[in-house]
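Novice: Fold the following, please.
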Amino acid sequence: MSLRQLPARRGIVVELGRNALSSSDLTAKWKPTRCRNSGEQVATAAHIAARLSVSIRVGVEGACWVHVHTRAGRGPAMTASTYPVWGWGGPDQEPDPAVLEALAPVAQALLGFDLQAPERPAPLRPLPVPRQAAPALLAAIASQEPLDRARHGLGRAYGDLIRGVRGRIDHPPDLVLRPRAEAEVAAVLDWCGQAQVAVVPFGGGTSVVGGVEPAVGDRFVGVAALDLGALAGVAEVDPVSRAARVLAGTTGPELEAALGHHGLTLRFFPQSFERSTVGGWLATRAAGHFATGATHVDDLVEAVRLITPAGVWASRRLPASGAGPSPDRLALGSEGTLGVITEAWLRVRPRPTSRTGTVVAFGSFSAGAEAVRAIVQAGLAPATCRLVDATEATLTGTLASGEAALLVGFEAAGRPPPDAELAAAVALAQDAGGRLVPEQAGAAAADAWRGSFRRAPYLREQLVLLGVLVETFETAVTWDRLEELVDQVTEATRAALAQVCGAGTVTCRLTHAYPDGAAPYFTVLAPARRGSELCQWAEVKAAAAEAVLAAGGTITHHHAVGREHRPWYERQRPGPFGLALAAAKAAVDPAGVLNPGVLLPA
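Specialist: As a prediction, this is how the structure comes out:
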């Protein structure tokens, strides 16, 4: 591709650690060849950064690498844009072709394989004529507008992104229904059951495992997406018990804003936080950003309420109960197959008043893992205890030393800063062979990692448009099998990438730590063949999933089962439990209309 077509008036910004310099500053300091246009400025900046052995963030009018985003008001919006169908952000965050041109040489240098010219998203292909229309009773909450149907036909997995960019919606719903009250949810389920219309509950649409795609088979006369967005808000706060009653369609930012008025927080921040909803968290047994303690949403649920075709499923508010199998536990992770979650009582806590943290470097990932195990088995509960392998540390700008990085941090509410806990964790890490990163460099490293985590969905869009296969998968395993699992899964995935893509990179980090094990999270980056991406990823994913199960891991730690993971989930779960789950579904959903094909065969 030619970068010389970029308008020379655009300014390039390069950030080295915490210090921002313009490309003209760098040119004056290092005196490279004169830059004739902004494309050469980017290349020059990358070259200088490489000489300095630091990771860089390059920007064009507010965009940056490793984290690229665009500012509002950067130019007129494309009225025919399909970005609302497949994109992560708002209209002002759609990838800019000029930003992609600037990003390409930097990304190519970091990834080590050739990228392609930026792909222009295709117009939305005509959708099939809807097979069903809403009855008069539901007409006020129904939509059959093509863009609305398309938006509810995809999640946010790599394959969804590819199909969305190409304007290809394989399984659009016939209609979208937005209930405003539980009575309307019940009315939807009544109609769908009688008319044999499948219904797919839809929250923020962030599923990466096919959980919201209406691929329900051919035994139904239609399919409706049930968008819970109108059932949103914090309905009640109990400050005495520290719990809040939250409606299912509430997004993460809406929840935290409402709880903030009471000085409270749920302390649950998944990477999808800005888009995903409380109902989606519960339905998929999501996990938040915090590494230890109450990090799975299971631990935060006091009571849950669902509407099922058989009636209302509402558990009692209790701090704990030993009364038989838990109705909450059965509802959590049911992924819309047993009922529609409409609200829940969630355990909240005071907002933290102090935080402290640092970064420890390790010569190997396995040494860092031993440090994590020592920390959690010592009874410490860091809010952050994230181990990033050397490759990912380099790509994200966390460390440029070729070492793995352990980001460890503690927080406290209403008590002295947790400096003693941090000191104890650092001592254990050093005993395991860790090197404490100096304070200023450690703060910069932590900032770089935090930024990469928050902006990863946006960067992925940009890399996909540049022809990069980029996706993630995760698992969990006990400590005695962790090293073997990481090695075997990494090796199997790399071999699949070499065979299918000809090249590629696999990185690993530990996202969550428990006294008895940890959750490895893998990222795949490889050259894609345009037009073959879905087949390429399917082969790589299958190889990775087989390796995960063979090494004793779970098919998912927090991404849920959906349709994509079901073949491996069926092998992981006990056979009799599968029978019990099928019987439970038959009891509460006798017509089988709730999210067919998820967890169980359609």
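Novice: what number of residues lie near R386?
Specialist: By other C-beta atoms under 10 Å, 24 other residues sit near R386. For glycine as for every other residue, the C-beta is placed from the backbone atoms N, C-alpha and C.
Novice: ignore the last one, R329
Specialist: Counted with other C-beta under 10 Å, R329 comes out at 14.
Novice: so it touches D299, yeah?
Specialist: No: with contact defined as C-beta atoms under 8 Å, R329 does not count as touching D299 (11.5 Å).
Novice: which sections of the stretch 51-200 of the chain are below the confidence cut-off?
Specialist: The stretch 51-200 of the chain contains residues with pLDDT under 70 at 51-79.
Novice: What segments of it are strands?
Specialist: In the stretch 51-200 of the chain, the strands defined using DSSP state E, counting those that start in this stretch lie at 57-60, 142-143, 175-177, 197-202.
Novice: same question, the stretch 501-602 of the chain
Specialist: Counting by DSSP E, counting those that start in this stretch, the strands of the stretch 501-602 of the chain are 505-514, 517-527.
Novice: now the shortest one: mean pLDDT?
Specialist: I take that to be strand 505-514. Regarding strand 505-514, the rounded mean pLDDT is 98.
Novice: What is it packed up against?
Specialist: Using 3 or more C-beta pairs under 8 Å, 6 or more residues apart in numbering; DSSP states H and E, the elements in contact with strand 505-514 are helix 365-377, strand 384-388, helix 390-395, helix 479-500, strand 517-527.
Novice: which of these is buried the deepest?
Specialist: strand 384-388 (a mean of 25; mean count of other C-beta atoms under 10 Å).
Novice: got the angle for that one vs helix 365-377?
Specialist: With axes from the mean of the first three to the mean of the last three C-alpha atoms, to 10 degrees applied, the angle from strand 384-388 to helix 365-377 works out at 170 degrees.
Novice: Identify all contacting residues around strand 384-388.
Specialist: 289-292, 357, 362, 365, 368-369, 371-372, 375-376, 396, 398, 404-409, 425, 449, 507, 509-511, 513 (C-beta atoms under 8 Å, 6 or more residues apart in numbering).
Novice: Please identify the pairing partners of that strand and their relative orientation?
Specialist: Paired neighbours of strand 384-388 in the sheet (DSSP bridges): strand 404-412 (antiparallel), strand 505-514 (antiparallel).
Novice: Can I get the longest one in CSV? Just the C-alpha atoms.
Specialist: What follows is strand 505-514 as a C-alpha-only set of coordinates in CSV (Å, rounded to 0.1, in the frame of the first residue of the first chain):
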residue,chain,number,x,y,z
THR,A,505,1.5,-15.1,16.9
VAL,A,506,0.0,-16.6,20.1
THR,A,507,0.2,-14.8,23.4
CYS,A,508,-1.0,-15.8,26.8
ARG,A,509,-1.9,-14.0,30.1
LEU,A,510,-3.4,-15.1,33.4
THR,A,511,-6.6,-13.1,33.9
HIS,A,512,-7.9,-14.6,37.1
ALA,A,513,-6.2,-16.5,40.0
TYR,A,514,-7.6,-18.8,42.6
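Novice: Okay, and V237 sits in which element?
Specialist: strand 234-238 (DSSP states H and E).
Novice: how much space between the closest residue to L264 other than its chain neighbours and A243?
Specialist: The shortest distance from L264 to any non-neighbouring residue, by C-beta to C-beta, 6 or more residues apart in numbering, is to V348 (4.4 Å). Distance from V348 to A243, counting by C-beta to C-beta, to the nearest Å: 6 Å.
Novice: so where's the protein uncertain?
Specialist: Using pLDDT under 70, the chain drops low at 1-79.
Novice: Using the record's domain definitions, break it down for me.
Specialist: By the assignment in automatic domain parsing, the chain contains the domains 12-111, 142-351+563-602, 355-562.
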